[in-house]
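**Student:** would you be able to build a 3D model of this:
(one chain, ligands or ions: 1)
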Amino acid sequence: MLFAAYRKEPGDTVALTEAYKTTMSDSRRSEFEKIADKTELTEAEVDTLRESVQKTLAQRVQPPVLIKTHNARVRHNGVPMIRRELTLGGIYILRNPLDVVDSVADHWGCSIDQAIQMMGNDRHTIGGRQDGMIKQYLQTWSKHVLSWTEQPAFPTLIIRYEDMKAAPEMTFRNVLTFLGWKIEAIRVTAAIDETQFEKLQAREAEDGYQERSDRSLSGRFFRKGKSGDWENVLTEEQIQRIVEDHGQVMRIDYGELKKRIRFRELLERIGWTSVEGRVDQLCGPCPLPECQSKVSSDCSKRKDRSFSIQTSKNVYLCFRCGSAGNALDFWQAYRATTLYEAAKELIQIHETSN
Ligand SMILES: [Zn+2]
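**Tutor:** The predicted structure is shown next:
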């Protein structure tokens, strides 16, 4: 939804209310009924119609056209939910499952425990005969993620819900680049402004919103729009269950993170300046709090060059306190926190500095 107000064609930005009414989805029962020219479709009939519906949607506008889907990349009755030959690429929105459960529970009008169960269910489907949406095959949360992100059939851009919140402009630009759409700064700003969570919420209160489920507990689709609220919502036991079910997939890609963080920029952010610098190596006082307390006077602190970083390798070493490692190790020591917390902070720092 963040991107609904941005169009690649020259001309005016489509008003959001119009844009979200025209968002295309592969799951609307009405599309299937139109093509079959009948109602009361069986699941088998739905499966045989999937290809024609997807083709029709794809042909409606010049490519690339964005079509929303809930499906995992799986087959049902031999029918692929996502057709490779009709797909240029995927944009996968990934959200922390700890936050997803709360949202799912509200959307479907069930308890958090039931939502956790749903997300761990290999046969999890949504929609069906009594619904405006045809049946969609989700599998478990982890399998869903992997079905999209670990597949070579077509390129897939993974964007994190948390990044859409914390760094909307960067995330949006990444999406536009991926789509090969022209980036126009004014429109980027306008699109992000139009899709501020508070604005969407206000608009929903006024006009309603078609994606809202009738079972929603809060009666809203745009409910909280928060990241990290799971800490206030879930019990220890619930957190543990989710981590047991999905820990493998949830794990942060530490290796990738280490590569992405530029050590020198990170040090600049915390106000560190080097005393001495060569092309590849910078020396100065050690910024680690513990180490600083060992240096006696302010004068010697200024001349201190016990700490050095090798910029090309992104590593550091302090010969006074002996601390050494990569940017992630450094941040963990500097903040005196856990590896997981340090990684979370670095991700945020990295995104906001881009
Ligand atoms: Zn030190």
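
**Student:** burial of Asp229, as a residue count?
**Tutor:** Each residue near Asp229 was counted by other Cβ atoms under 10 Å, and the total is 14. (C-beta placed from N, C-alpha, C; glycine too.)

**Student:** wait, what's in contact with Ile349?
**Tutor:** 261, 266, 269 (Cβ atoms under 8 Å, 6 or more residues apart in numbering).

**Student:** okay, those in a markdown table with distance to the ion next?
**Tutor:** Output for the contacts of Ile349, formatted as a markdown table (distance: Cβ to the ion, whole Å):
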| residue | distance to the ion |
| --- | --- |
| Ile261 | 19 |
| Leu266 | 16 |
| Arg269 | 18 |
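
**Student:** counting neighbours, what do you get for Leu266?
**Tutor:** 20.

**Student:** for it, what are its contacts?
**Tutor:** 327, 330-331, 346, 349.

**Student:** any buried residues in the helix or strand containing it, and which?
**Tutor:** Element membership for Leu266 (DSSP states H and E) is helix 263-269. Buried positions in helix 263-269, judged by neighbour count with 16 or more other Cβ atoms under 10 Å: 263-264, 266-267.

**Student:** and the next helix or strand past it?
**Tutor:** strand 276-277.

**Student:** ok so, going back, just flag the most distant two among the contacts of Leu266.
**Tutor:** Phe330 and Ile349 (12.3 Å; Cβ to Cβ).

**Student:** what residues does this structure put near the ion?
**Tutor:** For the chain, the contact set with the ion under Cβ under 5 Å from the ion comprises 286, 288, 291, 318, 320-321.

**Student:** what helices or strands is the longest helix along the chain leaning on?
**Tutor:** Counting residues, the longest helix found in the chain (DSSP state H) is helix 43-60. Helices and strands touching helix 43-60, by 3 or more Cβ pairs under 8 Å, 6 or more residues apart in numbering; DSSP states H and E, are helix 29-36, strand 67-68, strand 79-80.

**Student:** try it again with 10 Å
**Tutor:** Helix 43-60 is packed against strand 24-25, helix 29-36, strand 67-68, strand 75-76, strand 79-80, with contacts defined by 3 or more Cβ pairs under 10 Å, 6 or more residues apart in numbering; DSSP states H and E.

**Student:** average pLDDT for it?
**Tutor:** For helix 43-60, mean pLDDT is 84.

**Student:** how does this structure divide into domains?
**Tutor:** If you go by automatic domain parsing, the domain ranges for the chain are 16-251, 255-352.

**Student:** lowest average pLDDT across the ones you listed?
**Tutor:** Across these, domain 255-352 gives the lowest mean pLDDT, at a mean of 80.

**Student:** ok now that one, how far from the chain's centre?
**Tutor:** Distance of domain 255-352 from its chain centroid, counting by Cα atoms, centre = their mean, to the nearest Å, is 28 Å.

**Student:** chain neighbours aside, what residue packs nearest to the most centrally placed residue in the chain?
**Tutor:** Centroid-nearest residue in the chain: Arg160, 1.2 Å away (criterion: Cα atoms, centre = their mean). Excluding its sequence neighbours, the residue lying closest to Arg160 (Cβ to Cβ, 6 or more residues apart in numbering) is Leu94, at 5.3 Å.

**Student:** correct me, but the one you found touches Ser142?
**Tutor:** No - with contact defined as Cβ atoms under 10 Å, Leu94 does not reach Ser142; the gap is 11.4 Å.

**Student:** please identify every residue contacting each of these two.
**Tutor:** Jointly contacting Leu94 and Ser142 under the rule Cβ atoms under 10 Å, 6 or more residues apart in numbering are 249-250.

**Student:** just give me the neighbour total for the closest residue to Gly128 other than its chain neighbours.
**Tutor:** Once flanking residues are discounted, Gly128 sits nearest to Lys135: 5.0 Å by Cβ to Cβ, 6+ apart. Applying other Cβ under 10 Å, we find 17 residues neighbouring Lys135.

**Student:** Lys135 and Thr125 touch, don't they?
**Tutor:** Yes - assessed by Cβ under 10 Å, Lys135 is found in contact with Thr125 at 5.3 Å.

**Student:** need the residues touching each of these two.
**Tutor:** The contact lists of Lys135 and Thr125 share 43, 71, 76, where a contact means Cβ under 10 Å, 6+ apart.

**Student:** could I get those residues in JSON lines, plus columns for neighbour count?
**Tutor:** Shown next, in JSON lines, are the shared contacts of Lys135 and Thr125 (neighbours: other Cβ atoms under 10 Å):
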{"residue": "Glu43", "neighbour count": "13"}
{"residue": "Asn71", "neighbour count": "22"}
{"residue": "His76", "neighbour count": "17"}
